[in-house]
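**Student:** Let's see this in three dimensions:
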Amino acid sequence: MLYNISYKDLKIEREINELVGKPFSIFDNFKKGGIGSPKLFITRCSSAIYDLLHVNNSVKFCNIELRPNGIIIGFQSRLDVYALVIPYYKLVLFKPGNSITFHIDHHYISVDCSKNSKGVQKFIDKLELEKEKNTFYSPLDAY
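**Tutor:** Predicted structure coming up:
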């Protein structure tokens, strides 16, 4: 789900909280060693996101916030702030070469991992652990 979160809208905030849960408390944030990613350089993205990002010629960056039931990928286009909200059960990660692609339905964002790779890798490991803890598999899924 792609949302414009530039302005406070209680309906959008409620939808995001229903999809990925409310933000972690300060205590949980410290316990997890942080819930936000370093700044990530966007290399590729789906057409809807591309149309938002390429209205200006600035460098495209995003960051990721962990939530109890998913992640929020935030990025800026001109003066607007957008959030790609992905519940863990719909999150698909691809790791081709030095990039990581976050995929949900028809939206995706691919980020470069070559710079600040130690911090990015630590965050991705934390994200994969959270996804594993929050995604339930049925024995019938194997068939």
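
**Student:** which residues of this protein score low on pLDDT?
**Tutor:** Scanning the chain with the threshold set as pLDDT under 70 gives 115-116, 136-143.

**Student:** hey, where'd the strands end up in it?
**Tutor:** For the chain, the strands defined by DSSP state E cover 2-4, 40-45, 61-67, 70-77, 80-87, 92-94, 99-104, 107-112.

**Student:** Including distance to L53, could these go into CSV?
**Tutor:** Using the backbone N, CA and C atoms, a C-beta is placed for each residue, glycine as well. Shown next, in CSV, are the strands of the chain (distance: least, Cβ to Cβ, whole Å):
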stretch, distance to L53
strand 2-4, 12
strand 40-45, 7
strand 61-67, 9
strand 70-77, 6
strand 80-87, 9
strand 92-94, 20
strand 99-104, 15
strand 107-112, 10
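
**Student:** So which of these is nearest V55?
**Tutor:** Closest to V55 of the strands of the chain, according to Cβ to Cβ: strand 70-77, at 6.0 Å.

**Student:** Can you tell me how far the nearest residue in space to N134 that is not next to it in sequence is from L40?
**Tutor:** Setting aside the residues directly before and after it, N134 is nearest to Y88 in space (Cβ to Cβ, 6 or more residues apart in numbering), at 4.6 Å. As judged by Cβ to Cβ, to the nearest Å, Y88 and L40 stand 19 Å apart.

**Student:** more neighbours, these two?
**Tutor:** Between Y88 and L40, counting by other Cβ atoms under 10 Å, L40 is the more crowded of the two (25 against 21).

**Student:** other SSEs contacting whichever helix in the chain runs longest?
**Tutor:** Determined from DSSP state H, the single longest helix within the chain is helix 117-134. Packing partners of helix 117-134 (3 or more Cβ pairs under 8 Å, 6 or more residues apart in numbering; DSSP states H and E): strand 61-67, strand 92-94.

**Student:** With distance to K126 and mean neighbour count as added columns, please give these in TSV.
**Tutor:** Below are the helices and strands packed on helix 117-134 laid out as TSV (distance: least, Cβ to Cβ, whole Å; neighbours: other Cβ atoms under 10 Å):
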stretch	distance to K126	mean neighbour count
strand 61-67	7	20
strand 92-94	13	12
